[in-house]
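Chemist: how would this look folded up:
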Amino acid sequence: MQILVTGAAGFLGRRLIEALLAEPHGLPHISRIVAADVTRCPIDDRRIAHRQGTMTEVDFVHSIAEPDIDVVYHLAAVLSGQSEAEFDTGMQVNVDATRTLLEACRGRPRPPRVVFASTVAVFGGELPATVSEDAVVRPQSSYGTEKAIGELLVSEYSRRGFIDGIACRVATVAIRPGRPNSALSSFVSGIVREPLAGTETVCPVPLDTRLWISSPATVTTNLVHAARVPAAALERLRVLNLPGLSVTVSEMLDSLERLGGAAARTRVRIEIDERVARVVCTWPGALDASRAVHLGFIADRDVDELVRLYMSEQRG
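Modeler: Numbers count the residues shown, from 1 in each chain. The predicted structure is shown next:
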């Protein structure tokens, strides 16, 4: 099996490639992974073919969609904060480049499985407590709009038989190690990561804001699994709500205090940022992921597990 990963040098891209290389994982033996990004993926393995370029370059995109590719993981994207600040850049990378990639796959000898990383941000406006997969998407951000367009493209290209696609609405990943990124949801990891490191941080949304989150390990496992879900099991519904945990900011901070101590909790202060809250507070706090669970996708147990996983990883 040969696999293409776009956004290979990013946080999820690196973890996904590591998971794919660590057989067994229920997929056929992987002989080659094309790791594509603007910077070189830091993983060294004889099975990795490194490709550097931008997804806005049509020739580059067609060059990485090689004829023998069996699975494409499309993770490359401009995140929510940058998409909101730089409209044209977001559209070029998240919409135009996605269409270019799907066109490149369309010309392959056999339709590859395309796993498209979507987001809960495709939803917005007045939402029920739990949002179903067939709920109307009303994104309230450029990023959410761009990903909703991507979902439609994946579904349409699959309907026409050009690809064998699956769009996975990934929960907000928490807790991410490293530095904050340009995502409007970056604070979700920051309100745990920074206090545990002894650094003060700011939460830009109210304490009762409900979030749909998932650990990096669970998201990675689910992305791997997305490549092996039979097309027949998807029927004609190519978009999936992936499992997550529904927690409030207050519940995350309670977990921080339980596992990191009272001093860590005091390092978080609430300062509402209307720019962030205006978008994040329109996202769903819970999704109906029952179909995904039935198809074999997994969920984290509770918020304490997420915090423990992060703390264990940092100790390691």
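Chemist: Following the record's annotation, map out the domains of the chain.
Modeler: 2-171+215-241, 186-211+245-286+300-315 (automatic domain parsing).
Chemist: Dump those domains to a markdown table, plus mean neighbour count and mean pLDDT.
Modeler: For glycine as for every other residue, the C-beta is placed from the backbone atoms N, C-alpha and C. A markdown table is the format used below for those (neighbours: other CB atoms under 10 Å; pLDDT from 0 to 100):
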| stretch | mean neighbour count | mean pLDDT |
| --- | --- | --- |
| domain 2-171+215-241 | 19 | 96 |
| domain 186-211+245-286+300-315 | 17 | 96 |
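Chemist: And these: which comes nearest P177?
Modeler: domain 186-211+245-286+300-315 (6.6 Å; CB to CB).
Chemist: Could you tell me the end-to-end distance of the closest one?
Modeler: Domain 186-211+245-286+300-315 has an end-to-end distance of 22 Å (criterion: CA to CA, to the nearest Å).
Chemist: roughly how far out does stretch 86-100 sit from the chain middle?
Modeler: Mean C-alpha position of stretch 86-100 versus that of the full chain (CA atoms, centre = their mean, to the nearest Å) differs by 17 Å.
Chemist: Tell me the secondary structure at T282.
Modeler: coil (DSSP: H, G, I helix; E, B strand; the rest coil).
Chemist: That one is in contact with Y143, isn't it?
Modeler: No - counting by CB atoms under 8 Å, T282 does not reach Y143; the two are 11.9 Å apart.
Chemist: Helices of the stretch 51-200 of the chain, residue ranges please.
Modeler: 58-64, 80-85, 87-91, 97-106, 142-159, 186-196 (DSSP state H, counting those that start in this stretch).
Chemist: Could you say which one of the ones you listed comes nearest to C203?
Modeler: Using CB to CB, the helices of the stretch 51-200 of the chain put helix 186-196 closest to C203, at 5.1 Å.
Chemist: for that closest one, packing partners?
Modeler: strand 201-203, helix 249-260, helix 262-266, helix 303-315 (3 or more CB pairs under 8 Å, 6 or more residues apart in numbering; DSSP states H and E).
Chemist: go with 10 Å
Modeler: Helices and strands touching helix 186-196, by 3 or more CB pairs under 10 Å, 6 or more residues apart in numbering; DSSP states H and E, are strand 172-173, strand 201-203, strand 210-214, helix 249-260, helix 262-266, strand 268-270, helix 274-280, helix 303-315.
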